[in-house]
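1. Coordinates for the following, if possible.
(chains A and B)
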Amino acid sequence: MADHLDALESQSIFILREAYKKFKNLAMLWSIGKDSTVMLWLARKAFFGNVPLPLVHIDTSYKIPQMIQYRDQKAKEWGLNLVVGQNKKALDEGMNHEMGRIVCCEALKTNGLTAVMEEKNYTGLILGIRRDEEGTRAKERYFSPRDKNFEWNFKDQPPELWDQFKTTFAEGTHIRIHPLLHWTELNVWEYIEREKIPIIDLYFDKGEGKRYRSLGCAPCTGSIQSTATTVSEIIEELKTVATSERSGRAQDQEDTYAMQKLRAKGYM
Amino acid sequence: MKQNGGGPSQELMRLVIVGHVDHGKSTLVGRLLADTGSLPEGKLQFTKDICDRQGKVFEFAFLLDALEEEQDQGITIDTSQIFFNTDKRHYVIIDAPGHKEFLKNMVTGAASAEGALLLIDAYEGVQEQSRRHGYILKLLGLTQVAVVVNKMDLVDYDPEVFYKIKTAYTEFLTSMGIEPKMFIPVAAKVGDNIAAKSENMKWHEGPTVLEMLDQFEKQKPKDHLPFRLPVQDVYKFDERRIIAGRVESGTLNIGDELVFSPSLKRARVKTIEAWSVPEQPKIATATQSIGVTLDEQIFVERGEVASLPEEGPIVSTTFDVNVFWMGSRHFEKGREYTIKLTTEEVECEIVEFKKVIDASTLEPLVGQNYLVKNDVAEVTLCTKRPIALDLFGTIPETGRFVIVDEYDVCGGGIVTTYSASTDKDKLRDEVRNRDFNWVKSNISSSERAYRNGHQAALILFVGESGVGKAKLAKSLEEKIFKNNFQSYLLDGRNVRLGVGADLESEVQNSKGEPLRRFGEVARLFLDAGHILISTTNVFNQEDHSDIELIIDPCPLIEIHIGEKAPSGDFDGMSLTESDAKNEKEAVNKIYAYLKEKKILTGHNYSI
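-> Got it, this is the predicted structure:
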């Protein structure tokens, strides 16, 4: 008898396989966080131990240092084709969060990403976003088109029914694929526990009574008060908390409609 | 957000809320969230603060409207997912909008739901989209529907109003074959009959909305239905050749024989592959995304559907469907579309409109030969090549499809009926029936091919009479035989003399039955592993495709003799008349061609 994690896994694998079949220039965004690491794990499930597509990491240069260590170590261990993107021009010009968090996210993350996509000519990009993360992501499709300017027209999205996705599109557009869209934060942790996925240890308390719940750039990512040191303790904790997952992410709080504004322009 | 409020099970039910614009869907959802304690901490205050800033009175609907645009317009643009729990289980609500323009969003939400709440405003009564959405729920196969009559506070909680709506709408739903589970009078704004029984409507003896939801039944797994595995992809990352796909229905065990449709190729399941699992699976059931390896290296492609031999799908080019249309350009005859059904994609056209229906009134639009956005129709479709499918009523997953117009998914539909209408369909059905019921020997075709040193194939000499086909055919049979291969000359005349002796002379001279008999005799020889050679040229190109259908999956190889070049899609060998005159040379050329085509592969031992 299949349980709820089997059902989530199966659906995600189906989506990953559709993406792999339909897009020649396909890449997967790996933020090093729990979601995209679970997604990478699901890709290995979908392709029977192989990862037949490049993994793109957008390095803003402000990431928490352990994230880069973890990334390079796992890339080697799992034989990944890692592509690191960085908006060097903006960094050279001194871009940082003090110039405005939304401005900084857009320059270093959104524009860093668009540059890699243009350079590598990717027409499909797989991302580990989930509907329950925040309001604008709740509106997403599994296969979500972006126009020439990478803009998301959330008012006119393709219908998506019976797992028939939009896989054909006019020249210049690209598709964002979201295999984890239907998962919740709790599901992700339950799956990490079941599959024993080696997740980065920033998520665990190391005796200081705090841990990260969501990972991003060091200056804009706060830890939460928690004594959870294991995956199962995190699961127990999640069953009782009532604060939102991204409450530690400063850019979301910058403006009432921060995420809508960022994401309409191509933010993850 | 509280994600797991200690409900007794991990069961998750997907719900959709539909209905006419402004009948109160977002308010109902906002209320459900608030009343089940499912809102994230601070969300209520956050939303109230925004309302204050924008100078608006707070409404529960605002809890959902995450996008600025929506609050400005006061409508929910798109489906979003909202989670909440009752003591029984988890729910996810897809907040489907009611604005007419947003049918594709409503469809997106409802297509993945297991139960639906259909909202009707007590004050406004049954409206255009109340009917349209009802019809589309039916087309999507979503028949678990409860009707919520909202805004009872605006009609002074008058039972008369409620019962009037109930009678009218029940009649509408039953005319489509939907039996509503329940009608519930509510006032979402103030919370009457949502989580708690209403003090204002004591006359309502039925459940509250929450109680109703807990009565919805989970979809049963489709393990008991015939097995269907549409091929999604074939992987060769390493030494394994893995057929990947999702089990849409039924159950598969290692060792089962699979038949792939339309190609009718067969092989047994050697392994069910999986990465990083405690132990390799021995069985696969419905909804699982799996990968299998086969005992024979057969060539199958995405779009084919694997089944067990005794319960195959329909294979056809022509079938009847119900469609709903979401495209801004009309759905009309004479244009080419792409149909996507499971993993198959093929061009299709409309053969005829049987009935076009205005989905807001259910009135037939007589004489209208196209379908406009938001309406539905009964249509006969024709695909460019045969595809494997089931009736929606038999196996929903393999009986539903979308229609792509240029780049966009513009329509969706279900296969309602199929009856073999063309001669080709009839022949195909006959052949498939034969193959599914064929008593198979223990010796596989690949074992025969290995022993014989060649594949089974039908070689057909074609061209005008008098160009020397018969002579060449005999020489070729001899040449192949002398090289220790199994060859046999099957002349069409010999089939007529014996197997066709009972046929009247006018039937003898027609094409249908003699051709069928020729094909079936050929098929027996091919099943025995022979290389068959024939000179029959009474059959035209169309007939050849019938013979191909009968002997499939064995190849039909044409050797054309003559000056006139064969037509464009000719896939065989061509010799001039003078080439053919030099008999020995010509036979050697054909022999070499058969080697090149891997028909003659050579013996694996010496005698």
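
2. Count the residues that sit near the residue nearest to residue A:30 when sequence neighbours are not counted.
-> With CB to CB, 6 or more residues apart in numbering or on different chains as the criterion, residue A:30 has its nearest non-adjacent residue at 4.3 Å, and that residue is residue A:55. In short, each C-beta sits where N, CA and C put it, glycine included. Residue A:55 has 23 neighbours, counted by other CB atoms under 10 Å in any protein chain shown.

3. what is residue A:55 paired to in the beta sheet?
-> Beta-bridge pairing for residue A:55 (DSSP bridges): residue A:28, residue A:82.

4. residues contacting it?
-> Going by CB atoms under 8 Å, 6 or more residues apart in numbering or on different chains, residue A:55 touches A:27-30, A:40, A:75, A:80-83.

5. same thing with residue B:117?
-> Taking CB under 8 Å, 6+ apart as the test, what residue B:117 contacts is B:15-18, B:28, B:145-148, B:209, B:213.

6. and with 7 Å instead?
-> Residue B:117 makes contact with B:15, B:17, B:146, B:148 under the criterion CB atoms under 7 Å, 6 or more residues apart in numbering or on different chains.

7. returning to what we had before: report the buried members of the contacts of residue A:55.
-> For these, a neighbour count by 16 or more other CB atoms under 10 Å in any protein chain shown gives the buried set as A:27-30, A:40, A:75, A:80, A:83.

8. Just the closest of the residues you listed to chain B, please.
-> residue A:40 (12.2 Å; CB to the nearest CB).

9. That closest one should be in a helix, yeah?
-> Yes. Assessed by DSSP: H, G, I helix; E, B strand; the rest coil, residue A:40 belongs to a helix.

10. Quick check: the gap between it and residue B:35.
-> 39 Å (CB to CB, to the nearest Å).

11. Equivalent analysis for residue B:133, please.
-> Residue B:133 is 24 Å from residue B:35, by CB to CB.

12. Same question for residue B:250.
-> In terms of CB to CB, residue B:250 sits 41 Å off from residue B:35.

13. Phi, psi for residue B:17 please.
-> phi -120, psi 120 (degrees, to the nearest 10).

14. Then residue B:559?
-> phi -110, psi 110.

15. pretty sure it contacts residue B:589?
-> No. If you go by CB atoms under 7 Å, residue B:559 and residue B:589 don't touch, sitting 9.5 Å apart.

16. which of those two has more neighbours?
-> Neighbours per residue, other CB under 10 Å: of residue B:559 and residue B:589, the larger number sits with residue B:559, 25 against 16.

17. What parts of the stretch 51-200 of chain A come near chain B?
-> A:52, A:131-132, A:135-136, A:138-139, A:154-155, A:157-162, A:164, A:166, A:168-170, A:184-186, A:195 (CB under 7 Å from any CB of the partner chain).

18. Can you flag which of the residues you listed belong to helices?
-> In this view, these that belong to helices under DSSP state H are A:135-136, A:138, A:185-186, A:195.

19. Can you find the helix or strand in the chain with the smallest mean pLDDT?
-> All of this refers to chain A. helix A:250-253 (a mean of 70; mean pLDDT, DSSP states H and E).

20. meant chain B, my bad for not saying
-> helix B:68-73 (a mean of 43).

21. downstream neighbour of that one in the secondary structure list?
-> Remark: after helix B:68-73, the chain's next helix or strand is strand B:81-85, criterion DSSP states H and E.

22. May I see the buried residues of that next one?
-> B:81-85.

23. Separate out the buried members of the residues of the stretch 51-200 of chain A next to chain B.
-> Applying 16+ other CB under 10 Å to those, the neighbour count classes A:131-132, A:135-136, A:138-139, A:154-155, A:157-162, A:164, A:166, A:168-169, A:184-186, A:195 as buried.

24. just checking, residue B:94 touches residue B:109?
-> Yes. Counting by CB under 7 Å, residue B:94 touches residue B:109, with 3.7 Å between them.

25. Can you tell me the SS state at residue A:66?
-> Taking three-state DSSP as the rule, one finds residue A:66 in the helix state.

26. Show the contacting residues for the closest residue to it other than its chain neighbours.
-> Nearest in space to residue A:66, with sequence neighbours left out and distances taken as CB to CB, 6+ apart, is residue A:202 at 5.8 Å. By CB under 7 Å, 6+ apart, the residues touching residue A:202 are A:64, A:66, A:212, A:215.

27. Next: residue A:63.
-> A:217-218.

28. Mind listing the residues bridging to it?
-> The partner list for residue A:63 in beta bridges (DSSP bridges) reads residue A:217.

29. so what's it scoring on pLDDT?
-> pLDDT, residue A:63: 88.

30. Residue B:133 and residue B:35: who's more crowded?
-> Shown here are residue B:133 and residue B:35; by other CB under 10 Å, residue B:133 has more neighbours (27 against 18).

31. sec struct for that one, please.
-> Under three-state DSSP, residue B:133 comes out as helix.

32. Wait, it touches residue B:18, no?
-> Yes. Assessed by CB under 7 Å, residue B:133 is found in contact with residue B:18 at 4.2 Å.

33. what touches both of those two?
-> Contacts common to residue B:133 and residue B:18, judged by CB under 7 Å, 6+ apart, are B:106, B:118.

34. which bits of the stretch 201-350 of chain B sit near chain A?
-> Counting by CB under 7 Å from any CB, the residues of the stretch 201-350 of chain B lying close to chain A are B:232-233, B:235, B:237, B:242, B:244, B:246, B:273, B:275-276, B:285, B:287-289, B:291, B:302, B:326, B:340.

35. Which of those residues fall in strands?
-> Among those, the ones falling in strands (DSSP state E) are B:232-233, B:235, B:242, B:244, B:246, B:273, B:285, B:289, B:291, B:340.

36. need those residues in TSV with distance to residue B:403, pLDDT and neighbour count, can you?
-> Shown next, in TSV, are these (distance: CB to CB, whole Å; pLDDT from 0 to 100; neighbours: other CB atoms under 10 Å in any protein chain shown):
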residue	distance to residue B:403	pLDDT	neighbour count
B:232	20	98	24
B:233	23	97	19
B:235	29	97	20
B:242	31	97	21
B:244	26	98	25
B:246	22	98	23
B:273	34	97	19
B:285	30	95	19
B:289	25	97	23
B:291	30	97	26
B:340	8	98	21
